[in-house]
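1. Structure of the sequence below:
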Amino acid sequence: MTATAPATWFQRFLLPGFAFKAVVIGGGYATGRELAEFFLPSGPWGGLAGMLLATLLWSLVAAITFTFAFVFGAFDYRAFFARLLGRGWILFETAYALFVILILAVFGAAAGAIVTALFGWPPLAGTFLLAAGIAGFAAFGNASIERLFKYVSFMLYGVYGLFLILALTAFKDRIAVGFTLPGPAMSGWVAGGITYASYNVVGAVAVLPMLRHLTSRRDAIVSGLVAGPLAMAPAIVFFICMAAFYPQIGSETLPSDFMLRRMGSPAFHLLFQLMIFCALLESGAGSVHAINERLAAAWHARRGRELGPGSRAMIAGVLLVGCMFLADRFGLVALIAKGYRGLALLFLAVYVLPLFTVGLMRLLRAPVAIELPATPGPGPDMAP
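-> Residues are numbered from 1 along each chain as shown. This next block holds a predicted model:
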């Protein structure tokens, strides 16, 4: 095996969190639609409480997931659930397939809405443009996806920071008023936080290929704990700004576009929409890459060869075209409202509950001597 360079501090502690953020931020998060769906009904203060609860849950699940994956060398979801559920791994694979179909359809719908809002193009133009970008990055494996996560993350945090400055300048008084208004169902913040965290927490499994740089349990725990705040910080910034137009903004299909038009800055409007498109790109690429890595490991176990860029691109293309056609049939709001709550319960049953019971028990029993520096390659129990 060719010697590889030592893992950097960024790769060990921040890359997993950036990758987790990349998977959860697409679609309704980036446009503000999910925030309006799950948090705004509890009012501004209740919504913030729900978001902090979701952040805590993400961090706990990510820390345990990353540690379990490191200790047992399970760097794709097939290997991970073979260790966690045994023959029951197929339950997660079924749930994840449903998740990917749904989120790619949502991403396609969001991309189409963005392109239509900006340029007046047909929604399918935005959908296929996004699909081509995802397939292009997914074709070249881990290195390509890691670069995408890194540079889009820098762009994303910078744009959200600028968004906060402009929103406070334009809507400061309205935001203050918004936080004085009670939510009609503030007591629902617990349910909103748990539901939102539950279906998105699967992102911790989707980013397992990014954990190959970890060198110790400490790396895994720290990177998992920071993943929650890294993923939720932009959402909190956006949600605070949404309070300026509470409660009417809750009925907007694209809350981001609603607010940007009222800022009166066409140049920043264009930049923000470009950032959302890039967020959709990294989210979709992360989800598709997880499937590619699962298939690549099985291919390597059976054939003893790596899955090449052409095969990866073909798998991604077939998956994307099949899923994103749903975006032309259903609206963004309907997809989120009807599909995500069911997925939340499904992932609680086949992932979170086993992780906090069987997973923790096996981690506590695993000898420290099992730990080795993470290296690229197929994990154990990889035969399909």
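
2. Can you name the element that comes right after the helix or strand bottoming out on mean pLDDT in the chain?
-> Least confident helix or strand of the chain, by mean pLDDT, DSSP states H and E, is helix 332-347 with a mean of 69. Sequence-wise, the next helix or strand downstream of helix 332-347 (DSSP states H and E) is helix 353-354.

3. what element comes up after that next one heading to the C-terminus?
-> helix 360-365.

4. by contact count, what packs against that next one?
-> helix 43-72 (3 or more C-beta pairs under 8 Å, 6 or more residues apart in numbering; DSSP states H and E). Yep, even glycine has a C-beta here, placed from its N, CA and C like the rest.

5. Check which helices and strands the helix it packs on sits against.
-> Against helix 43-72 (3+ C-beta pairs under 8 Å, 6+ apart) you get helix 15-25, helix 77-85, helix 189-200, helix 203-206, helix 217-242, helix 360-365.

6. mind redoing it with 6 Å?
-> Packing partners of helix 43-72 (3 or more C-beta pairs under 6 Å, 6 or more residues apart in numbering; DSSP states H and E): helix 189-200, helix 203-206, helix 217-242.

7. weakest of these by average pLDDT?
-> Out of the helices and strands packed on helix 43-72, helix 189-200 stands lowest, with a mean of 89 (criterion: mean pLDDT).

8. Just give me how far stretch 65-78 sits from the chain centre.
-> Between the centre of stretch 65-78 and the centre of its chain there are 18 Å (C-alpha atoms, centre = their mean, to the nearest Å).

9. Sorry, wrong one. I was asking about stretch 127-134.
-> With C-alpha atoms, centre = their mean, you get 17 Å for stretch 127-134.

10. With stretch 77-87 instead?
-> Offset of stretch 77-87 from its chain centre (C-alpha atoms, centre = their mean): 21 Å.

11. tell me the mean pLDDT for that stretch?
-> Stretch 77-87 shows a mean pLDDT of 94.

12. Mind listing what's buried along it?
-> Within stretch 77-87, the residues that qualify as buried are 77, 78, 79, 80, 81, 82, 83, 84, 85, counting by 16 or more other C-beta atoms under 10 Å.

13. Output those residues as TSV; include the columns distance to residue 22.
-> Listed next are these as TSV, based on distance: C-beta to C-beta, whole Å:
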residue	distance to residue 22
77	16
78	21
79	21
80	19
81	21
82	25
83	24
84	23
85	26
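
14. if we can go back for a sec, so for residue 72, which of the helices and strands packed on helix 43-72 sits nearest?
-> Judged by C-beta to C-beta, the one of those that comes nearest to residue 72 is helix 217-242, at 11.2 Å.

15. Please point out which parts of the helix or strand hosting residue 321 sit buried.
-> Counting by DSSP H and E, the element that carries residue 321 is helix 309-324. Across helix 309-324, burial judged by 16+ other C-beta under 10 Å covers 312, 313, 315, 316, 317, 319, 320, 323, 324.

16. Contacts for that helix next, please.
-> 101, 104-105, 108, 127, 131, 134-135, 138-140, 288, 292 (C-beta atoms under 6 Å, 6 or more residues apart in numbering).

17. buried stuff in stretch 269-278?
-> By neighbour count on 16+ other C-beta under 10 Å, the buried set for stretch 269-278 is 269, 271, 272, 273, 275, 276, 277, 278.

18. so can I have a markdown table of these showing secondary structure?
-> Output for the buried residues of stretch 269-278, formatted as a markdown table (DSSP: H, G, I helix; E, B strand; the rest coil):
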| residue | secondary structure |
| --- | --- |
| 269 | helix |
| 271 | helix |
| 272 | helix |
| 273 | helix |
| 275 | helix |
| 276 | helix |
| 277 | helix |
| 278 | helix |
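
19. Adding pLDDT and distance to residue 93, write those out as CSV.
-> Output for the buried residues of stretch 269-278, formatted as CSV (pLDDT from 0 to 100; distance: C-beta to C-beta, whole Å):
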residue, pLDDT, distance to residue 93
269, 90, 41
271, 94, 39
272, 93, 36
273, 87, 35
275, 93, 32
276, 89, 30
277, 92, 29
278, 93, 29
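
20. Looking at those, point me to the pair that's furthest apart.
-> Between any two of the buried residues of stretch 269-278, the greatest separation by C-beta to C-beta is 15.2 Å, found for 269 and 278.

21. so for stretch 282-299, what's the average pLDDT?
-> 92.

22. so how far is it from its chain's centroid?
-> Going by C-alpha atoms, centre = their mean, where stretch 282-299 is centred and where its chain is centred differ by 14 Å.

23. What residues of that stretch count as buried?
-> 282-299.

24. Show residues contacting that stretch.
-> 22-23, 25-26, 76-78, 100, 107, 134, 137-138, 145, 148-149, 152, 206, 209, 307, 312, 315-316, 378, 382, 384.

25. cutoff 7 Å now
-> Applying C-beta atoms under 7 Å, 6 or more residues apart in numbering, the contact partners of stretch 282-299 are 19, 22-23, 25-27, 76-79, 100, 103-104, 107, 130, 134, 137-138, 145, 148-149, 152, 206-207, 209, 305-307, 312, 315-316, 319-320, 378-379, 382-384.

26. Over to stretch 248-266?
-> Here stretch 248-266 has contacts from 31-33, 36, 40, 113, 117, 166, 170, 241-242, 245, 269, 272, 276, 332-333, using C-beta under 7 Å, 6+ apart.

27. buried residues in it?
-> In stretch 248-266, counting by 16+ other C-beta under 10 Å, buried: 249, 250, 252, 253, 254, 255, 256, 257, 258, 259, 260, 263.
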